[in-house]
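Asks: take a look and give me a structure for this.
(one chain, ligands or ions: 1)
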Amino acid sequence: MAKIAIMGCGVVGGGTADLLTENRERIKESCGEYLDLKYVLDVRDLPDSPYRDLIVHDVAAIENDPEVTVVAETIGGVRHAYDYTVRLLKAGKSVVSSNKQLVSEHGAELLALAREHGCRYLFEASTGGGIPVIGPLSHDLSQNEILEISGILNGTTNYILTRMKGGGVGFETALSEAQEKGYAERDPSADVEGTDACRKIAILAATAFGKLIAPSRIHTEGITAIRQSDVAAAASVGAAVKLLGRAIRRGGECFVLVSPFFVFADCPLSHVDGVYNAVSVTGNYVGDVMFYGRGAGAKATASAVVADLVEAATGKGATPVWETADESFPTAFGSFVCPRYLSFSGVDRNAVRVVFGDVEFIRGAEGEIAFLTPAQSELECADAIARLSHGGGQLLSMIRVYESGERPEA
Ligand code: HSE
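Replies: Sure, this is the predicted structure:
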């Protein structure tokens, strides 16, 4: 009988313990043996938890127990999680993680440690909650060159944007609702400033391209500057504002970014609402594939953690190699080309046309001039904004417009 430990008994750790208990017989069918939960590591005693008798406070209890072969790390953050994961992998124990910060910052090193010590490091739950996406990218789509991954990777911000679009609910109220439902990070600035989505696109890009880009090097914008009038302007042209993580190969260039986008109704991503996440993957053979489901919450995330525990316990599967990306990867963001929505005050249509060329004027907020630009690079757009500002204009909003990239021939 294999013994399991869980480190961190919060939303995800608690859900994982519940699923291990509920699915005990089903897991035995998959693994050929029971997976018994032996320890739950937490700083708290949790006297009201059904797992209170399993609580330990020192990771050494797990590290030094030869019966424990697989451990779930659901602590989050890097401070303790990194140290504990390194110790357990060095002790030859497989570690399964829902910790996107740890995987996005140290995944290359932790995968190398797992290979060196003959164990596994798995992290399906780190990205997209319960949605299987790392597994399909690693296995089912592995014979494709991945041309693009674009996804709604943060449930909290998608929930907020959906509530803002529906009308009547402001940013703060929607955020409080997301916190109450257990979707938001302990520090919700990681959600609304795009950091959480940035970590997830770093993990997906590494899975697809084999190179882990430090999250600090990924161009990241959140949703804190999005106004109700921007959401309304998008709706007036049949689009929704969505926070997207994107990793795109275009010829010899590769762009990785997190940013709000206008997504038009002909793209399925525009219809993904509430806490739901979706990841669209384009491969050079398979074409477009889309993964959709709950990106946060105890049960959905536990579903991915427990599947990884079962995989690690059966000893099947291989550990990938990730390099740490250097300065040459990804391509400098200044070359990223897309159309944009802009809203200005203090300018007229003629001035806009002189600077931006063939724009489409759309309905904006009272006293503002709103328009969609032709596709241009970040550097060209910044230059045009500076010229319009120099002429007395004040930029109020800039949101990129989503255009799907290269598509393979049918
Ligand atoms: N705060 C995250 C979200 C939780 O809202 O998507 C799942 O990673």
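
Asks: which secondary element of the protein has the worst mean pLDDT?
Replies: Within the chain, judged by mean pLDDT, DSSP states H and E, the helix or strand with the poorest mean is helix 171-180; its value is a mean of 89.

Asks: can you list contacts of the next helix or strand after that one?
Replies: Next along the chain after helix 171-180, taking DSSP states H and E as the criterion, comes helix 189-192. Residues lying outside helix 189-192 but in contact with it, judged by C-beta atoms under 8 Å, 6 or more residues apart in numbering, are 154, 156-157, 160, 175, 178, 184-185, 195-196, 222-224. From N, CA and C alone the C-beta is placed, and that goes for glycine too.

Asks: show me the strands in the stretch 51-200 of the chain, by range?
Replies: Along the stretch 51-200 of the chain, counting by DSSP state E, counting those that start in this stretch, strands occupy 55-56, 68-73, 94-97, 121-122, 146-152.

Asks: sorry, back to before: among the contacts of helix 189-192, which one sits closest to the ligand?
Replies: Taking C-beta to the nearest ligand atom as the measure, the ligand sits nearest to residue 156 out of those, at 3.4 Å.

Asks: correct me, but the closest one touches residue 183?
Replies: Yes - judged on C-beta atoms under 8 Å, residue 156 makes contact with residue 183 at a distance of 4.8 Å.

Asks: quick check: neighbours shared by these two?
Replies: If you check residue 156 and residue 183 against C-beta under 8 Å, 6+ apart, the residues they both contact are 275, 296.

Asks: how is this structure divided into domains?
Replies: Domains of the chain are assigned by automatic domain parsing as 2-130+314-320, 138-294, 337-401.

Asks: closest one to the ligand among those domains?
Replies: Evaluated over the domains of the chain, closeness to the ligand peaks at domain 138-294, with 3.4 Å, by C-beta to the nearest ligand atom.

Asks: what is the burial count for residue 240?
Replies: Counted by other C-beta atoms under 10 Å, the residues lying close to residue 240 total 23.

Asks: quickly find the element holding it.
Replies: strand 239-250.

Asks: partners of that strand, with directions?
Replies: Based on DSSP bridges, the strands next to strand 239-250 in the sheet, each with its direction, are strand 146-152 (antiparallel), strand 253-264 (antiparallel).

Asks: need the strands of the stretch 51-200 of the chain in CSV (columns: distance to the ligand).
Replies: Rendered in CSV, the data for the strands of the stretch 51-200 of the chain read as follows (distance: least, C-beta to the nearest ligand atom, whole Å):
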stretch, distance to the ligand
strand 55-56, 24
strand 68-73, 14
strand 94-97, 12
strand 121-122, 16
strand 146-152, 9
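
Asks: I'd like those as TSV, with distance to residue 352, mean neighbour count and mean pLDDT appended.
Replies: Supplementary listing: the strands of the stretch 51-200 of the chain in TSV, determined by distance: least, C-beta to C-beta, whole Å; neighbours: other C-beta atoms under 10 Å; pLDDT from 0 to 100:
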stretch	distance to residue 352	mean neighbour count	mean pLDDT
strand 55-56	63	16	98
strand 68-73	52	26	98
strand 94-97	49	28	98
strand 121-122	51	26	98
strand 146-152	29	24	97
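
Asks: where does pLDDT dip in the stretch 51-200 of the chain?
Replies: Along the stretch 51-200 of the chain, the parts satisfying pLDDT under 70 run over 167-168.

Asks: could you tell me which residues of it lie near the ligand?
Replies: Along the stretch 51-200 of the chain, the residues adjacent to the ligand under the rule C-beta under 6 Å from any ligand atom are 129, 154-156, 183-185, 191, 196.

Asks: likewise for the stretch 251-400 of the chain?
Replies: By C-beta under 6 Å from any ligand atom, the residues of the stretch 251-400 of the chain that approach the ligand are 295-296.

Asks: quick check: pLDDT value at the spatially most distant residue from the centre of the chain.
Replies: Ranking residues of the chain by C-alpha distance from their mean position (C-alpha atoms, centre = their mean) puts residue 350 at the top, at 40.7 Å. The predicted local confidence for residue 350 comes out at a pLDDT of 97.
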